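1. sharing a model that was predicted from the sequence below.
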Amino acid sequence: MKILNQILRTGIVTEALPPEVEEEIKSVGAKLEEAIRRRFSRSLTIRQVDAGSCNGCELEIHAINNPIYNCERFGIHFTASPRFADMLLVTGPVTRNMEIALRRTYDSTPTPKLVVAVGDCGCNGGIFGETYASLGGIDKVIPVDVYISGCPPTPIALLHGILKTVEEK
């Protein structure tokens with residue numbers, strides 16, 4: 001009962017996006033949908049890989065899949081298996097413990113595969129850099145097609161980065 005009362009007291013806390021942000025999402029989404037259909041003739045399937053991040057980037061990746069941003073309306077789907085993925089969305093500096101798993105995931109993804117390094121840590125190691133526990137950016141282990149910087153990048157920046165990857169490669 002305590003939890004139910006708390007939910008009723010709190011109410012809805014999710015706010016609608018400002019109209020200009022909503023318009024930008026629709027604009028990027030339309031371009032993304034067109035590029036995905038032109039390139040894949042179907043939807044884009046993404047496998048998200050956490051190579052050792054602080055989970056800030058994962059929260060933003062989850063946000064693009066929530067009801068507000070709703071990336072599925074643009075033809076983007078997430079999968080749990082790299083065998084069905086068209087793109088790897090990799091976050092965090094590659095920890096020494098994740099190096100082999102990241103290589104295996106990359107090798108399991110069918111060609112042509114797209115790789116996107118997400119966040120400052122994925123791009124160059126970020127605040128963690130190269131240490132006894134971290135190898136640095138994703139490109140130290142696997143080839144990267146596009147880098148999305150930010151700590152963490154916004155959902156709109158993620159959509160722009162995915163669009164750039166699909167259009168370029």
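-> Sure thing, it's come through.

2. the longest strand along the chain pairs with which strands?
-> Counting residues, the longest strand found in the chain (DSSP state E) is strand 44-50. Sheet pairing of strand 44-50 (DSSP bridges) gives strand 76-78 (parallel), strand 87-91 (parallel).

3. do I have it right that I64 meets C71?
-> Yes: in this structure, I64 is within contact of C71 by CB atoms under 8 Å, at 4.6 Å. No exception for glycine: its C-beta is placed from N, CA and C like everyone else's.

4. thinking again about what came up before, next helix or strand past the longest strand of the chain?
-> On the C-terminal side of strand 44-50, the closest following helix or strand by DSSP states H and E is helix 56-64.

5. which residues does that following helix contact?
-> Contacts to helix 56-64, defined as CB atoms under 8 Å, 6 or more residues apart in numbering, come from residues 48, 50, 69, 71, 76, 89, 91-92, 118-119, 121-122, 151-155, 158-159.

6. which of those residues count as buried?
-> Applying 16 or more other CB atoms under 10 Å to the contacts of helix 56-64, the neighbour count classes 48, 50, 69, 71, 76, 89, 91-92, 118-119, 121-122, 152-153, 155, 158-159 as buried.

7. from those residues, which land in strands?
-> Using DSSP E, the members of the buried ones among the contacts of helix 56-64 that fall in strands are 48, 50, 76, 89, 91, 118.

8. farthest-separated two in these?
-> Using CB to CB, the two most remote members of those are D50 and I76, lying 18.3 Å apart.

9. now the longest helix anywhere in the chain: mean pLDDT?
-> Longest helix in the chain, counting residues (DSSP state H): helix 19-40. Here helix 19-40 scores 91 as its mean pLDDT.

10. return the set of buried residues in it.
-> Neighbour-count burial for helix 19-40 [16+ other CB under 10 Å]: 25, 28-29, 31-33, 35-36, 39.

11. and the lowest-mean-pLDDT helix or strand in the chain, what other elements does it pack with?
-> Lowest mean confidence among the helices and strands of the chain (mean pLDDT, DSSP states H and E): helix 2-10, at a mean of 80. Contact partners of helix 2-10 among helices and strands, from 3 or more CB pairs under 8 Å, 6 or more residues apart in numbering; DSSP states H and E: none.
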